[in-house]
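In: Requesting a structural model of the entry that follows:
(one chain, ligands or ions: 1)
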Amino acid sequence: MKTPAPLTAALYLRRSREDPERDGEHDTLSRHREILLDLADKTRVVITDIFEEVVSGESLYRRPEMLRLLEAVEQGKYDAVLCMAIDRLGRGNMREQGIILEAFKASGTKIITPEKTYDLDLDIDEVLTEFQAFMSRQEYKLISKRLRRGLDQTIAGGGYIANAPYGYRKTTIDKKPSLEIVESEARFVRMIFDLYCDGAGAELIARQLNALGSVPRRSERWNRNSVRHILKNPTFRGQIIWYKKRHIRPGAESPKHKTKYLPESEWRVYDGLHEAIIPPEQFERAQELRRGRYIPPSNNGTVKSPLAGLVKCSVCGQNMQRMGAHKSEPYLLCNTTGCSAGAKMEYVETALLAQIRDRLTELTVELETQDAGAELTRAEETLALIRRSAAQTAAQKEKIYSLLEQGVYDVAEYRERMDAVTTKLAELERQEATAAAELARHSTEEKAALRDKIQNALAIYHTADAAGRNALLKTILEKVEYTKHKKTKPHDFSLTLTFRAQNPQR
Ligand SMILES: [Zn+2]
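Out: Sure, this is the predicted structure:
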């Protein structure tokens with residue numbers, strides 16, 4: 001959980017030649033400074049920088065402090081900027097204002113004045129109308145250009161200047177603004193993608209998140225839209241997107257300031273410095289799903305069986321099929337003639353859930369007692385054995401080569417032996433990968449991740465429809481092998497569960 005840190009802010013003070021100077025008393029600048037420092041106290045912000053300047057002309061070069069401030073805002077250095085009034089920040093035509101305000105908005109920097117606190121994410125229209133004269137148009141153009149160039153460079157370099165999305169918090173990497181993962185939220189982001197890629201809809205996902213007590217950033221509960229918002233945000237796969245929207249100044253099109261969202265094809269994409277929460281392949285799969293171009297193998301039309309694509313016949317290896325006319329109770333049957341006997345769907349589902357619950361209990365006990373178990377030892381031994389064998393085979397390869405050099409082998413013999421050794425090495429590599437995965441399955445993190453997933457799935461299983469149940473089961477199960485001999489009692493079947501590798505990332 002995040003502990004709320006005090007907000008950090010900058011003060012911006014300026015006095016123009018036209019401001020009255022008071023002899024003997026405080027001048028305008030120090031009077032404003034006192035007011036703003038007092039305001040900082042009241043609003044509990046910590047002032048880390050003060051920008052002060054006396055403005056005497058329209059030239060940009062007379063306002064170096066404003067430039068420095070805008071650059072720092074662009075870098076996301078402050079939570080807020082305190083100033084006497086919004087008109088102290090600048091003016092220009094509406095488009096130029098849009099760009100400067102965008103720097104505040106994009107970096108999530110609030111503007112605090114004695115009158116009001118502006119959160120540009122919420123109040124941008126209001127700010128625009130209140131935004132008033134102070135700098136010349138030309139000056140604005142220069143600042144805007146420089147600012148935009150700075151933003152572009154930051155983003156092209158992988159920096160992240162917008163508000164941190166759910167799952168991340170702001171940080172600095174290589175002196176650039178960036179993001180770091182908030183694990184307590186990131187696990188829900190992973191869950192969203194996992195469930196979605198398994199065929200669950202945004203609505204069901206939202207329900208599951210709410211059931212688990214997860215809370216999104218900007219509302220009290222997850223809904224379809226907030227889930228979809230997560231699903232299409234490339235930040236999660238480690239990218240930075242820029243120019244998603246454009247501000248349109250009031251004019252012919254509309255009398256009000258408007259934000260136009262540009263089509264995805266016009267977005268500019270960069271590799272971010274931040275760590276991805278979702279692997280690129282999975283993110284892309286979710287996009288395909290979103291665009292309706294990809295239909296998951298388990299979800300051809302409507303999923304009527306919670307066990308679809310999960311339960312395989314242990315004899316022939318085929319998927320067990322749901323059968324049953326509308327009036328009769330559905331059965332799970334093997335399509336291969338004369339193969340395993342079928343069973344009532346309901347029985348299989350109940351037995352499967354019972355076995356999942358058993359696994360949950362086991363995992364909980366193992367995690368509490370920190371008992372890695374015999375399986376871990378066995379997996380370690382297997383892996384060591386394979387690696388030893390691979391090392392021997394690699395040595396053999398060297399030897400064959402030197403025998404060729406020594407003239408013991410001719411080229412034909414050499415090739416033949418080399419082929420054999422190469423094939424063996426490839427096989428060993430495959431075995432090594434399997435063994436390493438097996439070993440990972442017994443690691444503590446893996447177990448904890450699986451335990452969480454099972455708890456999550458079971459928590460809302462009964463509220464989901466067939467498709468939802470299917471998606472939930474697939475978050476925890478790789479496959480289920482079903483065995484039932486002919487002429488046995490209805491409940492006499494056995495299920496062998498293979499749990500899905502969770503590959504916890506941290
Ligand atoms: Zn079969």
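In: all helices for the stretch 51-200 of the chain, in order.
Out: Counting by DSSP state H, counting those that start in this stretch, the stretch 51-200 of the chain has helices at residues 64-74, 94-106, 120-130, 137-156, 183-197.
In: Residue 329 - how many residues pack around it?
Out: Residue 329 has 10 neighbours, counted by other CB atoms under 10 Å. All C-beta atoms are positioned from the backbone trio N, CA, C, and that covers glycine.
In: didn't it look like it was pressed against residue 347?
Out: No. Look at residue 329 against residue 347 with CB atoms under 8 Å: they stay out of range, at 9.8 Å.
In: So which bits of the stretch 251-400 of the chain are right by the ion?
Out: 313, 315-316, 334, 336, 339-340 (CB under 5 Å from the ion).
In: The same query, at a cut-off of 6 Å, please.
Out: Taking CB under 6 Å from the ion as the criterion, the stretch 251-400 of the chain approaches the ion at residues 313, 315-316, 318, 334, 336, 339-340.
In: Kindly supply the ChimeraX command isolating those of those that are buried.
Out: What follows is the ChimeraX syntax selecting those of these that are buried according to 16 or more other CB atoms under 10 Å:
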select :313,315,334,339,340
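In: Sitting in strands, which of the residues of the stretch 251-400 of the chain next to the ion do you find?
Out: residue 313 (DSSP state E).
In: Save the residues of the stretch 251-400 of the chain next to the ion as JSON lines, and put in distance to residue 53 too.
Out: JSON lines is the format used below for these (distance: CB to CB, whole Å):
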{"residue": "313", "distance to residue 53": "79"}
{"residue": "315", "distance to residue 53": "83"}
{"residue": "316", "distance to residue 53": "81"}
{"residue": "318", "distance to residue 53": "77"}
{"residue": "334", "distance to residue 53": "81"}
{"residue": "336", "distance to residue 53": "83"}
{"residue": "339", "distance to residue 53": "85"}
{"residue": "340", "distance to residue 53": "83"}
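In: Show me what counts as buried in whichever helix in the chain runs longest.
Out: Secondary structure of the chain per DSSP state H: the longest helix is helix 373-405. Under the neighbour-count criterion of 16+ other CB under 10 Å, helix 373-405 has 376, 379, 382-383, 386, 389-390, 393, 396, 400, 404 buried.
In: tell me which residues in the helix or strand following that helix are buried?
Out: Counting by DSSP states H and E, the element after helix 373-405 in chain order, helix or strand, is helix 411-441. For helix 411-441, burial by neighbour count (16+ other CB under 10 Å) applies to 414, 417-418, 421, 424-425, 428, 431-432, 435, 438-439, 441.
In: Give me the lowest-pLDDT entry from those.
Out: Ranked by pLDDT, the buried residues of helix 411-441 bottom out at residue 441 (71).
In: Could you measure from it over to residue 35?
Out: Noted for residue 441: a distance of 63 Å to residue 35, by CB to CB, to the nearest Å.
In: Over to residue 476?
Out: 59 Å.
In: which one of these two has more residues nearby?
Out: residue 476 (23 against 14).
In: Which residue ranges make up the domains of this protein?
Out: Following automatic domain parsing, one gets these domains for the chain: 7-156, 171-290, 311-370+445-499, 373-440.
In: From the opening residue of the first one to its closing one, how far?
Out: Taking CA to CA, to the nearest Å as the measure, domain 7-156 stretches 28 Å from start to finish.
In: quick one: average pLDDT of it?
Out: Averaged across domain 7-156, pLDDT comes to 68.
In: burial count for residue 281?
Out: By other CB under 10 Å, the residues close to residue 281 number 10.
In: Closest residue of the stretch 351-500 of the chain to the ion?
Out: As assessed by CB to the ion, the ion sits closest to residue 482 within the stretch 351-500 of the chain, at 8.6 Å.
In: Dihedrals phi and psi, that residue?
Out: Backbone torsions for residue 482, taken as degrees, to the nearest 10, come to phi -110, psi 130.
In: Ok, residue 487 next?
Out: With angles defined as degrees, to the nearest 10, residue 487 sits at phi 60, psi 40.
In: Nearest the geometric middle of the protein, what residue?
Out: With distances taken as CA atoms, centre = their mean, residue 236 lies nearest the centre of the chain, 3.2 Å away.
In: show me what contacts that residue?
Out: 165, 167, 189, 193, 230, 276-278, 283 (CB atoms under 8 Å, 6 or more residues apart in numbering).
In: Which one of the residues you listed is nearest to the ion?
Out: Using CB to the ion, the contacts of residue 236 come closest to the ion at residue 193, 33.2 Å.
In: Please verify my assumption that that closest one contacts residue 228.
Out: No. Between residue 193 and residue 228 there is no contact under CB under 8 Å: 12.0 Å.
In: quick one: low-confidence parts of the stretch 351-500 of the chain?
Out: The stretch 351-500 of the chain contains residues with pLDDT under 70 at 370-374.
In: circling back to that earlier point, right, and the pair among the buried residues of helix 411-441 with maximum separation?
Out: Farthest pair in the buried residues of helix 411-441 (CB to CB) is 414 and 441. Separation: 40.6 Å.
In: which stretches of the stretch 151-300 of the chain have low pLDDT?
Out: Applying pLDDT under 70 to the stretch 151-300 of the chain flags the ranges 151, 242-266, 292-300.
In: rewinding a little: quick one, which of residue 193 and residue 228 is more surrounded?
Out: Neighbours around residue 193 and residue 228, counted as other CB under 10 Å, are more numerous at residue 193. The numbers are 22 against 17.
In: Now do the contacts for that one.
Out: Contacts for residue 193 were tallied using CB under 8 Å, 6+ apart; they are 231, 236, 278, 282-283, 286.
In: With adjacent residues omitted, what lies nearest to it?
Out: Take residue 193 and drop its neighbours on the chain: the residue closest to it by CB to CB, 6 or more residues apart in numbering is residue 278, 5.1 Å away.
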